[in-house]
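Student: sequence first, then the predicted structure, then my questions.
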Amino acid sequence: MEYTREEIERNVREWVVDKIDRNFEFRKYQLECIVNIIDNILSHGNHNYVVEAPTGSGKSLINMIAAGVLADYWDITSYILVSDLFLWEQYSDFLNKHKRTGIAMLKGKIGNYKCMLNGEDITLADCTLTGLSWASMYNANTIKEYGYECAHNCQYVKARKKAIKSKVCLMTYQLFIQTFKMINPMDDNPYQFKYRDIIFCDECHNIPGIVEQRVHAHIKEKDIDTLLEIYDYVNGKELDLFKEFEEDNSSDFFKDMSRQDVIDEYKECWKVLSNPESRKDEDMTYRERYDQLIKKFVPVCEDIRNNITLAKKAKQYLTKEDLHMFGVTNWFWDYALEFGEYCDLIEFCGKDYQLKEIAPNTRKDEGAVCTFRCLKEDYLVYKYLLNKAQFRVMLSATIGGHEAFDENMGFTYTDDKQSIMEVIPSTFDFKESPVHFLNKFKMSLKERDISYGHLKTVIYSICQTKFKDQRGLIQTGSYDIAKRLYEDAPYEVKSRMLIYNGSREKNTMIKVHQLSKNTILVGPTLNEGIDLPGDECRFIIIMKVPYPSLADRYVKEKIKFYPLWYNSTTSNEIIQGIGRGIRYDGDWCVTYIFDACFWNLYLSTKEQYSKELQERINII
């Protein structure tokens, strides 16, 4: 049955009055976009619908209203997916104020929920140690039998139960991917998550990177310590607690493998896999050997978990060491599954798509890490995201080139083979927000030192004269340039500069900046994910075009498979960066681009820049 656009619009307006506010006012183009999305799903059936929606267009509301109307009027189910917990919290704040929407929310277990009984992270909850599944926590008879009436008030159980029952659920991409990797959604179990009709994807330009980061395999120099810890545990060093509960002898799993055999096999694999000069054929062989080694530990870990569960049910005392081992086996179980899954993935995609990287561990004294990544991002996105729903609705302020977006997003694996795209025009007045481009000095590696000497003088002058008493930010492209710019600055400018090293320090400095009167944020990664409205940002200096580093092997290899990606993603970063200081209609911010490398990039990707943005750019 087809519905007219008038009927759809009427239902949208009714839903908003009932669920949000009778005085709710749609932003310009917002209602039209919502109707377009619903009309496409009900009448046109294009499975990949992409919306480029600029800052101020209300992307989150478009997602929530479209999902809510489809659920309540047409019984169409969906997930709303976001790129990080910061954006999740923004949705959450709105949904907590408007509970009548019926949209459920769920965070990942690790670090977000605590057990009410033992105070541990929910992954080590008392009921988990007893071997009870989360599904059993919904059964009144089960929780009464085992004495876990606390399940009625458990924040995780309540949130998960509501999320499963709801027609619309908010999650991060990371949780969504992990959820559907660990369950069979076709199972009849009513307490499991199922595939739904639609996935609404916010900040969709981040999807390939997020998915790729969730699908990789690694082997650490110190992983042998974990293997030996498990080996020793099941061979009697700490097993006395479980003797009366053991049904099988865990050591039987290792009857053909001594402790020294484990060490020798691990060392042989590590010797090849940690060698940057090893051939791909060698890597494939020894990666498979390592996979077979860790698979021997999977049933062992299961046995350890079963014994701890039996001891817990028998009300035996569990020490911190026992809890530690339960956590180790939990981690190792997931680790082994992910490693094996990666091996299967490369078997399907082909060894050309395997990339090995070796780097020191960021944690102290843990040695090197060998990481295997998969370059076939388009297939990863399809496998772990696109094929989990019949329809995909994707929104972002920076889609990039349409062809490049489709190429990297995996739409070629779907029935439609491509997406259809809607572009929402900006409604902001940019008269006071020019983008000045200095087409003179290049910040490429060869010319950087010479150009820096000229540009730093210009930057200090702008900070001291034009914006002496106003806040702004300088996007340097690297920490080294930020540090150099800070150290060379005259006192009047240096005293205003806020530099940082890493994301944690950056978040602290952003808060300091928001509470100040004339500070300047200086550093890389200031082009996305920060909101500086009004007086918090009156000028932006883009000191270097943020090309992905060609020193990064992943970047270098990816360009071979997705040639349009490199320039497209760089222009997206610039467009995102320009938008940090103009957050609402009437807001203003002056932008300067001081890297002459921008011009060729701009000409090659001009279609990515909106008409409004093109008109703002002037060469100085």
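Tutor: Thanks, I have the structure now. Numbering: from 1, shown residues only.
Student: residue 15 in helix, strand or coil?
Tutor: helix (DSSP: H, G, I helix; E, B strand; the rest coil).
Student: before we move on, what about residue 371?
Tutor: Assignment for residue 371 (three-state DSSP): strand.
Student: what's near enough to touch residue 380?
Tutor: By CB atoms under 8 Å, 6 or more residues apart in numbering, the contact set of residue 380 is 208, 211-212, 215, 345, 374, 410. Glycine gets a C-beta too; all of them are placed from N, C-alpha and C.
Student: isn't residue 61 right up against residue 30?
Tutor: Yes - the pair residue 61 and residue 30 passes the contact test of CB atoms under 8 Å, sitting 6.7 Å apart.
Student: roughly how far is stretch 410-429 from the heart of the chain?
Tutor: A distance of 21 Å separates the centroid of the chain from that of stretch 410-429, by CA atoms, centre = their mean, to the nearest Å.
Student: with stretch 579-595 instead?
Tutor: Centroid displacement of stretch 579-595 relative to its chain, using CA atoms, centre = their mean, is 26 Å.
Student: pull out the buried positions in that stretch.
Tutor: Within stretch 579-595, the residues scored as buried using 16 or more other CB atoms under 10 Å are 579-583, 587-595.
Student: turn those into a markdown table, including pLDDT.
Tutor: What follows is the buried residues of stretch 579-595, written out as a markdown table (pLDDT from 0 to 100):
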| residue | pLDDT |
| --- | --- |
| 579 | 91 |
| 580 | 92 |
| 581 | 91 |
| 582 | 93 |
| 583 | 89 |
| 587 | 95 |
| 588 | 97 |
| 589 | 97 |
| 590 | 98 |
| 591 | 98 |
| 592 | 98 |
| 593 | 98 |
| 594 | 97 |
| 595 | 97 |
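Student: export those residues to TSV and tack on secondary structure and distance to residue 312?
Tutor: Output for these, formatted as TSV (DSSP: H, G, I helix; E, B strand; the rest coil; distance: CB to CB, whole Å):
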residue	secondary structure	distance to residue 312
579	helix	52
580	helix	51
581	helix	55
582	coil	56
583	coil	51
587	coil	57
588	coil	62
589	coil	58
590	strand	63
591	strand	60
592	strand	63
593	strand	61
594	coil	63
595	coil	60
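Student: contacting residues for residue 56?
Tutor: 27, 426-428, 583-585.
Student: do that again at 7 Å, thanks
Tutor: 427-428, 584-585 (CB atoms under 7 Å, 6 or more residues apart in numbering).
Student: now residue 542
Tutor: Contacts for residue 542 were tallied using CB under 7 Å, 6+ apart; they are 475, 574, 577, 591-595.
Student: cool, residue 217 as well?
Tutor: Residue 217 neighbours (CB under 7 Å, 6+ apart): 338-339, 342, 372.
Student: looking at this, it is in a helix?
Tutor: No - Residue 217 is assigned strand when assessed by three-state DSSP, not a helix.
Student: and the pLDDT for it?
Tutor: Looking at residue 217, its pLDDT is 91.
Student: got it, and residue 547?
Tutor: For residue 547, the model assigns a pLDDT of 95.
Student: tell me the phi and psi of it?
Tutor: Phi and psi for residue 547, reported as degrees, to the nearest 10, are phi -60, psi 140.
Student: what's the nearest residue to it if we skip its chain neighbours?
Tutor: In space, and not counting its chain neighbours, residue 547 is closest to residue 570: 5.1 Å by CB to CB, 6 or more residues apart in numbering.
Student: try residue 199
Tutor: Per CB to CB, 6+ apart, closest to residue 199 is residue 389, 4.4 Å.
Student: now for the one you found: which residues touch it?
Tutor: Here residue 389 is in contact with 195-199 (CB under 7 Å, 6+ apart).
Student: of those residues, which is the nearest to residue 5?
Tutor: residue 198 (18.9 Å; CB to CB).
Student: and that closest one, how far from residue 41?
Tutor: Noted for residue 198: a distance of 7 Å to residue 41, by CB to CB, to the nearest Å.
Student: repeat that for residue 295.
Tutor: 43 Å.
Student: these two touch, right, residue 87 and residue 202?
Tutor: Yes - between residue 87 and residue 202 there is a contact under CB atoms under 7 Å: 6.5 Å.
Student: who has more neighbours out of these two?
Tutor: residue 202 (24 against 19; other CB atoms under 10 Å).
Student: quick one: residue 111 is in a helix?
Tutor: No - with three-state DSSP as the criterion, residue 111 is located in coil rather than a helix.
Student: how about the closest residue to it other than its chain neighbours, phi and psi?
Tutor: Nearest residue to residue 111, sequence neighbours excluded (CB to CB, 6+ apart): residue 121, at 6.6 Å. Backbone geometry at residue 121, expressed as degrees, to the nearest 10, gives phi -60, psi 150.
Student: what sits against residue 121?
Tutor: 110-111, 114.
Student: repeat for residue 360
Tutor: So residue 360 contacts residue 368 (CB under 7 Å, 6+ apart).
Student: separation between it and residue 274?
Tutor: Distance from residue 360 to residue 274, counting by CB to CB: 12 Å.
Student: try residue 257
Tutor: Applying CB to CB to residue 257 and residue 274 gives a distance of 22 Å.
Student: what's the answer for residue 353, then?
Tutor: Taking CB to CB, one finds residue 353 at 21 Å from residue 274.
Student: redo the contacts of residue 56 as TSV? Include distance to residue 384, pLDDT and secondary structure.
Tutor: What follows is the contacts of residue 56, written out as TSV (distance: CB to CB, whole Å; pLDDT from 0 to 100; DSSP: H, G, I helix; E, B strand; the rest coil):
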residue	distance to residue 384	pLDDT	secondary structure
427	35	88	coil
428	36	91	coil
584	35	89	coil
585	38	88	coil
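Student: how about the residues you listed, which pair is most distant?
Tutor: Greatest spatial distance among the contacts of residue 56 (CB to CB): 427 and 584, at 10.1 Å.
Student: coming back round to it: out of the contacts of residue 380, which is nearest to residue 126?
Tutor: Using CB to CB, the contacts of residue 380 come closest to residue 126 at residue 215, 32.5 Å.
Student: what's the closest one in contact with, if anything?
Tutor: So residue 215 contacts 342, 345, 374, 380, 384 (CB under 7 Å, 6+ apart).
Student: turn the residues you listed into CSV, columns for distance to residue 419.
Tutor: Formatted as CSV, these follow (distance: CB to CB, whole Å):
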residue, distance to residue 419
342, 28
345, 24
374, 23
380, 17
384, 18
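Student: low-scoring pLDDT stretches of the protein, where are they?
Tutor: Where the chain drops to pLDDT under 70, the residues are 1, 236-255, 361-366.
Student: domain boundaries for it, per the record?
Tutor: For the chain, automatic domain parsing gives the domain ranges 5-103+166-213+379-423, 111-162, 223-360, 435-619.
Student: ok, the contacts of residue 542 vs residue 226, which is closest?
Tutor: residue 475 (40.7 Å).
Student: wait, that closest one sits on residue 528?
Tutor: No - counting by CB under 7 Å, residue 475 stays clear of residue 528, with 10.2 Å between them.
Student: hang on, the earlier thing: among the contacts of residue 121, who's most crowded?
Tutor: Ranking those using other CB under 10 Å puts residue 114 first, with 16 neighbours.
Student: ok, that one to residue 435 distance?
Tutor: For residue 114 relative to residue 435 (CB to CB), the value is 48 Å.
Student: am I right that residue 359 is in a strand?
Tutor: Yes - Residue 359 forms part of a strand when assessed by three-state DSSP.
Student: count the residues that sit near the closest residue to it other than its chain neighbours.
Tutor: Distances taken as CB to CB, 6+ apart put residue 369 closest to residue 359, at 5.8 Å, once the chain neighbours are dropped. When neighbours are defined as other CB under 10 Å, residue 369 has 19 of them.
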